[in-house]
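A.B. asks: Need coordinates for the following:
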Amino acid sequence: MKSYTITVNGTAYEVTVEETGSVSAPAAAPKAAPAAAPKAAPAAPKAAAPATGAGAVKVTASVPGKVLKVIASAGQAVKAGDSIVILESMKMEIPVVAPQDGTVASIDTTEGASVENGDTLATMN
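C.D. replies: Got it, this is the predicted structure:
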């Protein structure tokens, strides 16, 4: 059995995959192989982000909705878990938080803007 840590929308999950020696295992192996890739994936988007934004870390919308309030500003130091933006979706206020300690490099949205899941709201260094 192999254990992997997979991060989905900023939440880490421990996943254990059992290896089998049966003939049908090759069909399951390609599905298990991508599970290993997300372990390194959190570092990959950080390196790729500067091409599209001012900061190295993208802060993205986890749900579609409307930007209710922008709390942080560019240049502001934040700690992991600090709110950067508040989204309104399905009549709920959903905080979008900093994934790590750092400085807000840019705010890429405005109050009242409609956003989709995965849209970049801010970038951090």
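
A.B. asks: all helices for the protein, in order.
C.D. replies: Along the chain, counting by DSSP state H, helices occupy 25-40, 43-48.

A.B. asks: least reliable of the ones you listed going by mean pLDDT?
C.D. replies: In terms of average pLDDT, helix 43-48 trails the rest of the helices of the chain, at a mean of 40.

A.B. asks: for the closest residue to Gly10 other than its chain neighbours, what are its contacts?
C.D. replies: Closest residue in space to Gly10, ignoring its immediate chain neighbours: Pro99 at 5.5 Å, by C-beta to C-beta, 6 or more residues apart in numbering. (Each C-beta comes from the backbone N, C-alpha and C, glycine too.) Shown in contact with Pro99 (C-beta atoms under 8 Å, 6 or more residues apart in numbering): 10, 57, 59, 80, 124.

A.B. asks: Count residues in the vicinity of the first one, would you?
C.D. replies: Close neighbours of Gly10, defined as other C-beta atoms under 10 Å, add up to 16.

A.B. asks: Equivalent analysis for the last one, please.
C.D. replies: Met124 has 26 neighbouring residues, counting by other C-beta under 10 Å.

A.B. asks: and if you look at Val67?
C.D. replies: For Val67, the neighbour count with other C-beta under 10 Å is 21.

A.B. asks: same question, Ala74
C.D. replies: Ala74: 14 neighbours (other C-beta under 10 Å).

A.B. asks: Kindly report the same for Met90.
C.D. replies: Residues near Met90, counting by other C-beta under 10 Å, number 8.

A.B. asks: Same check on Ile71?
C.D. replies: Neighbourhood size, Ile71 [other C-beta under 10 Å]: 17.

A.B. asks: Quick check: bridge partners of the residue lying closest to it once chain neighbours are set aside?
C.D. replies: Nearest non-adjacent residue to Ile71, counting by C-beta to C-beta, 6+ apart: Ser83, 5.0 Å away. Ser83 has these beta-bridge partners by DSSP bridges: Val97.

A.B. asks: Same check on Glu14?
C.D. replies: The partner residues for Glu14, given DSSP bridges, come to Thr5.
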